[in-house]
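Peer 1: pasting the sequence and the predicted model now:
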Amino acid sequence: MLRAIDHAGIAVTDLEAAVAFYRDVLGMALVHRETLPEQGVRAALLDVGESHVELLEPLDADGGVARFLARRGPGLHHLAYRVDDIDAVLASLSAAGTRLIDAAPRAGIRGSRVAFLHPSATAGVLTELVAPADHH
Ligand code: CO
């Protein structure tokens, strides 16, 4: 069902400072930037092997990432797994009684389709399923 770890989502207070560190010091290629208003974030995607790091800075004080930062400070916000058929995976999880945040996929970064699982179902880790638009 799950093919790989697609990305780790990291909540940051200063996106440009975080991009500078991950790109210039850790040497990851910055491959994409996007503002995701419905998730309340500005995001930057960097490559590491076949996986990515997704840096997330809140647009305002209201969204989930903003609340996470206020409560816990910068850090690992979610883990994302790559899937081929996100509808089938969601149906399977739903049939198994898994607590979902998104019963149906929604638009994610870089044209992907994504859905979040509730952390109470995943040992405390906010978990994202991502079906890439172009199999990145
Ligand atoms: Co993500």
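Peer 2: Happy to help now that I have it.

Peer 1: CA atoms for contacts and neighbours, from now on please.
Peer 2: OK.

Peer 1: any stretches of this structure with poor pLDDT?
Peer 2: Scanning the chain with the threshold set as pLDDT under 70 gives 135-136.

Peer 1: what segments of it are strands?
Peer 2: 4-11, 29-36, 41-48, 51-58, 75-82, 106-107, 113-117, 127-131 (DSSP state E).

Peer 1: looking at these, which is closest to Arg23?
Peer 2: Set against Arg23 and scored by CA to CA, the strands of the chain come closest in strand 29-36, at 5.9 Å.

Peer 1: only C-alpha atoms, please: export stretch 99-113 in CSV.
Peer 2: What follows is stretch 99-113, C-alpha atoms only, in CSV (Å, rounded to 0.1, in the frame of the first residue of the first chain):
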residue,chain,number,x,y,z
ARG,A,99,-9.3,7.4,12.3
LEU,A,100,-8.8,9.8,9.4
ILE,A,101,-8.6,13.5,9.2
ASP,A,102,-9.4,13.5,5.5
ALA,A,103,-12.0,11.0,4.4
ALA,A,104,-11.3,12.0,0.8
PRO,A,105,-8.2,13.2,-0.9
ARG,A,106,-7.6,17.0,-1.3
ALA,A,107,-5.1,19.1,-3.3
GLY,A,108,-1.6,19.0,-1.9
ILE,A,109,1.8,20.5,-2.9
ARG,A,110,3.0,20.3,-6.5
GLY,A,111,-0.2,19.0,-7.9
SER,A,112,-0.3,16.0,-5.6
ARG,A,113,-3.4,14.5,-4.0
